[in-house]
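>>> Here's my sequence, what's the structure:
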Amino acid sequence: MPTPFPGMDPYLERPGIWQQVHADLIVDIRRFLTPRVRPRYYVAIEQHTYLTILPPLDSRVGVPDVLVVSSPDDAAPAASSTVSMSSSSVYPIVAELPQPEEVHHRYLEIRDTETHVVITTLEILSPANKVGHEGRQKYEDKRLKLLSSLTNLVEIDLLRTGEPLPMYISQHNDYRMIVSRHHQRPRADVYLFSVRQPIPDIPIPLQPGETEPILHLNRLLHDLYDQGSYDLMIDYHQPPVPPLNEQDKTWA
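Residues are numbered from 1 along each chain as shown. Okay, here's the model as predicted:
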């Protein structure tokens, strides 16, 4: 069963689903690009691992296996406690302390076959890149290093959650993709689109003057949605997280 949305399905951001979509996209994009850049280049899956502090439970989006704790109203002194408390005693409530999580962020690199030099880095953003303080800071630092290098950057942001990554632009929309060719910086091509539109095709830059393969991301996403039976994981009777604005809600 195909997704009911023409482009990005906002329900794919739900906890426990986005990680699977992200992994599927990484593999499918690599499979798509490899025959289009060989034999001069190859496409490698890379991984960056780091510790970050999870945001409070109520604000988490796209983080699976979240520990559920009781609410303050459920808190009560243990029945087996041997501590004597008067009627005026202050009882404990349940709090959530900062909890580190090991994040594994995967991305793609197009490398020269002979020198293994990275020509283009392709990033698909995850919630940890946009929401968690440590994760966002680490990604922004990496992004700045890439933008000051001779490596092209393709950044795909299919998440409405969190603030967009820094860029000077006069327009805004739900989703954005950036194609930054190293020889054109600080200028970059930005593709903005909403839940009402298909994901646009984007070129994948290589070396200046070389033909740039076109990535048909909308087709790849819809194919993996169908192949992975994501419709069985989603309850479309519930609102997406985060919720749509009123105009998009009426349209949907």
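>>> which residues of the stretch 51-200 of the chain fall in strands?
Listed in chain order, the strands of the stretch 51-200 of the chain (DSSP state E, counting those that start in this stretch) span 100-112, 118-124, 152-157, 175-180, 189-193.
>>> Using a markdown table, lay out those together with mean pLDDT and mean neighbour count.
Yep, even glycine has a C-beta here, placed from its N, CA and C like the rest. Shown next, in a markdown table, are these (pLDDT from 0 to 100; neighbours: other Cβ atoms under 10 Å):
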| stretch | mean pLDDT | mean neighbour count |
| --- | --- | --- |
| strand 100-112 | 85 | 17 |
| strand 118-124 | 98 | 21 |
| strand 152-157 | 98 | 23 |
| strand 175-180 | 98 | 21 |
| strand 189-193 | 97 | 16 |
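>>> Dump these into CSV; add distance to residue 168 as well.
CSV is the format used below for the strands of the stretch 51-200 of the chain (distance: least, Cβ to Cβ, whole Å):
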stretch, distance to residue 168
strand 100-112, 24
strand 118-124, 19
strand 152-157, 15
strand 175-180, 12
strand 189-193, 10
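>>> For residue 31, find the nearest of those strands.
Comparison of these against residue 31 by Cβ to Cβ identifies strand 100-112 as nearest, at 10.9 Å.
>>> remind me which residues of the stretch 51-200 of the chain are low pLDDT?
Where the stretch 51-200 of the chain drops to pLDDT under 70, the residues are 51-88, 103.
>>> try 50 this time
57-81 (pLDDT under 50).
>>> That one: helices as residue ranges?
With DSSP state H, counting those that start in this stretch, the ranges of helices along the stretch 51-200 of the chain come out as 127-130, 133-147.
>>> quick one, which of the ones you listed is nearest to residue 235?
Counting by Cβ to Cβ, residue 235 lies closest to helix 127-130 out of the helices of the stretch 51-200 of the chain; the figure is 20.1 Å.
>>> Distance from the chain centre to the closest one, please.
For helix 127-130, the distance from its own C-alpha centre to the chain's C-alpha centre is 6 Å (Cα atoms, centre = their mean, to the nearest Å).
>>> Against which helices or strands is it packed?
For helix 127-130, the elements it packs on are strand 100-112, helix 133-147, judged by 3 or more Cβ pairs under 8 Å, 6 or more residues apart in numbering; DSSP states H and E.
>>> As CSV, these with distance to residue 235 would be great.
Shown next, in CSV, are the helices and strands packed on helix 127-130 (distance: least, Cβ to Cβ, whole Å):
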stretch, distance to residue 235
strand 100-112, 26
helix 133-147, 28
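>>> what's the closest of those to residue 201?
Closest approach to residue 201 among these is made by strand 100-112 (17.1 Å; Cβ to Cβ).
>>> That closest one versus strand 118-124: what angle between them?
Taking axes from the mean of the first three to the mean of the last three Cα atoms, to 10 degrees, one finds strand 100-112 and strand 118-124 inclined to each other by 140 degrees.
>>> I would like the residues contacting strand 100-112, please.
With contacts defined as Cβ atoms under 8 Å, 6 or more residues apart in numbering, strand 100-112 is touched by 22-23, 26, 29-30, 33, 37, 40-54, 63, 117-124, 126, 128-129, 132, 135, 139, 204, 206.
>>> again, 7 Å this time
With contact meaning Cβ atoms under 7 Å, 6 or more residues apart in numbering, strand 100-112 is reached by 26, 29-30, 37, 41-54, 117-123, 126, 128, 135, 206.
>>> and residue 211, which of the helices and strands packed on helix 127-130 is closest to it?
strand 100-112 (13.5 Å).
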